[in-house]
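J.: structure for this input, please:
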Amino acid sequence: MRFGVHAGLQDTSINELRNLWSGIEAAGFDWISVWDHFYAADPGGGAVCLEAVATHAALAATTSRVRCGSLVYSVGYRHPAVLAKAAATLDQIAGGRVDLGLGGGWFQPEYDAYGIPFPDPPTRLRMLDEAVRCVRSLLTEQTTDFEGEFFTFRDARCDPKPVQERLPIWIGGGGEKVTLRIAARHADGWNVPFVDPAAYGHKVDVLHEHCEREGRDPASIVKSVNVGLAWSDDDLAAQFSPDMVDWVRPGILTGSPAEMVDRIGAYVDAGAQQLNIARRAPFDLGALERFAAEVVPSFR
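T.: The predicted structure follows:
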């Protein structure tokens with residue numbers, strides 16, 4: 001079982017994040033990820049939010065051991081050539097520790113604010129499927145030729161390549177008809193946030209069914225879940241707006257360390273191989289250090 005921290009980029013600063021990332025790595029976590037938003041990812045949230053690719057580079061340069069992930073870059077914001085070039089460069093900075101998460105996008109206020117098209121979900125997911133194939137080819141093949149509904153490549157190159165021979169591509173989302181099918185076809189890792197263990201186990205079963213239809217070994221996909229951590233009600237209220245609390249509550253770890261161990265054990269039984277603590281500013285490194293000291297050792 002691997003443990004990580006998914007640290008949001010809203011209402012914070014690079015200096016604060018650098019201190020947080022260093023503390024997370026020192027506490028023994030395996031993974032740190034960034035998100036991809038231009039605005040605060042809350043209903044009615046403000047616009048104080050750092051850009052993802054630049055922050056991902058800072059994460060890669062600040063740390064030395066943890067995997068440096070992204071959950072997830074929206075293919076509606078960035079052309080797959082831009083994503084592939086960024087991922088290859090990030091992996092050079094990190095010395096081979098980057099995981100690239102991709103998704104179809106969901107937070108419409110950002111799209112509307114900047115005039116970025118926000119098509120219906122089926123269209124966004126067809127775009128995701130094409131983008132994953134294009135990024136994979138650019139990262140691994142000498143040249144890429146592709147003619148799709150959304151993207152066209154002719155003798156396209158992405159050099160230098162990543163340090164890793166196969167830079168892991170993750171798919172984020174829990175849509176059972178399409179998103180999980182895309183994950184079964186293309187992903188090295190899959191993530192879904194804030195679902196309870198029973199719902200998570202159901203989605204793992206659906207993912208495995210798609211893998212069977214695609215002729216894919218489900219063991220080749222790392223399965224992860226993002227959850228919240230609240231040692232108290234005040235901690236929960238500090239991280240999430242009232243409009244979001246009910247949505248995230250099924251995936252919040254609360255109670256004593258023993259109760260958290262039992263809850264995580266239920267995710268493990270449901271198929272999780274990695275659990276990420278999702279945190280937002282104001283960050284509380286002490287809460288994460290306590291989790292690393294009192295909960296994580298039960299799974300090592």
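J.: do a quick rundown of the strands in the stretch 201-300 of the chain.
T.: Taking DSSP state E, counting those that start in this stretch as the criterion, the stretch 201-300 of the chain carries its strands at 222-229, 252-253, 274-279.
J.: same deal with the stretch 1-150 of the chain?
T.: Under DSSP E, counting those that start in this stretch, the stretch 1-150 of the chain gives strands at 2-7, 31-34, 67-70, 73-74, 100-103, 144-147.
J.: out of those strands, which gets nearest to residue 299?
T.: Taking CB to CB, strand 2-7 is the member of these nearest to residue 299, at 7.6 Å. Backbone N, C-alpha and C define where each C-beta goes, glycine included.
J.: returning to what we had before: any idea which of the strands of the stretch 1-150 of the chain gets closest to residue 110?
T.: strand 73-74 (8.6 Å).
J.: so which elements touch that closest one?
T.: strand 100-103 (3 or more CB pairs under 8 Å, 6 or more residues apart in numbering; DSSP states H and E).
J.: residues making contact with the strand it packs on?
T.: Outside strand 100-103, the residues that touch it by CB atoms under 8 Å, 6 or more residues apart in numbering are 33, 69-75, 83, 87, 128, 131-132, 135, 167-173, 189, 191.
J.: circling back to that earlier point, please produce CSV containing the strands of the stretch 1-150 of the chain, extended by distance to residue 159.
T.: As requested, the strands of the stretch 1-150 of the chain are exported to CSV (distance: least, CB to CB, whole Å):
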stretch, distance to residue 159
strand 2-7, 30
strand 31-34, 25
strand 67-70, 21
strand 73-74, 21
strand 100-103, 17
strand 144-147, 12
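J.: for residue 277, find the nearest of those strands.
T.: Of all the strands of the stretch 1-150 of the chain, strand 2-7 comes closest under CB to CB, at 5.1 Å.
J.: what is that closest one packed up against?
T.: Taking 3+ CB pairs under 8 Å, 6+ apart as contact, the helices and strands that strand 2-7 lies on are helix 14-26, strand 31-34, strand 67-70, strand 222-229, strand 274-279.
J.: list of residues touching that strand?
T.: 17, 20-21, 24, 29-35, 66-67, 69, 71, 224, 226, 273-280, 283, 288, 292, 296, 299.
J.: likewise stretch 236-252?
T.: Identification of contacts with stretch 236-252 by CB under 8 Å, 6+ apart yields 42-45, 193-196, 199, 225-230, 254, 279-280, 282, 284.
J.: state the distance from the closest residue to residue 69 other than its chain neighbours to residue 119.
T.: Spatial nearest neighbour of residue 69, excluding adjacent residues (CB to CB, 6 or more residues apart in numbering): residue 33 at 3.6 Å. Distance of residue 33 to residue 119, given as CB to CB, to the nearest Å: 26 Å.
J.: what's the answer for residue 102, then?
T.: Computed as CB to CB, the residue 102 to residue 119 distance reads 17 Å.
J.: and the two? Which one has more around it.
T.: Higher neighbour count among residue 102 and residue 119: residue 102, with 28 against 15, using other CB atoms under 10 Å.
J.: and the more buried one, what are its bridge partners?
T.: residue 73, residue 171 (DSSP bridges).
J.: wait, residue 200 sits on residue 270?
T.: Yes: Residue 200 lies in contact with residue 270 (CB atoms under 8 Å); the separation is 4.8 Å.
J.: out of those two, which sits in the more crowded spot?
T.: The neighbour count for residue 200 versus residue 270, taken as other CB under 10 Å, is higher for residue 200 (25 against 20).
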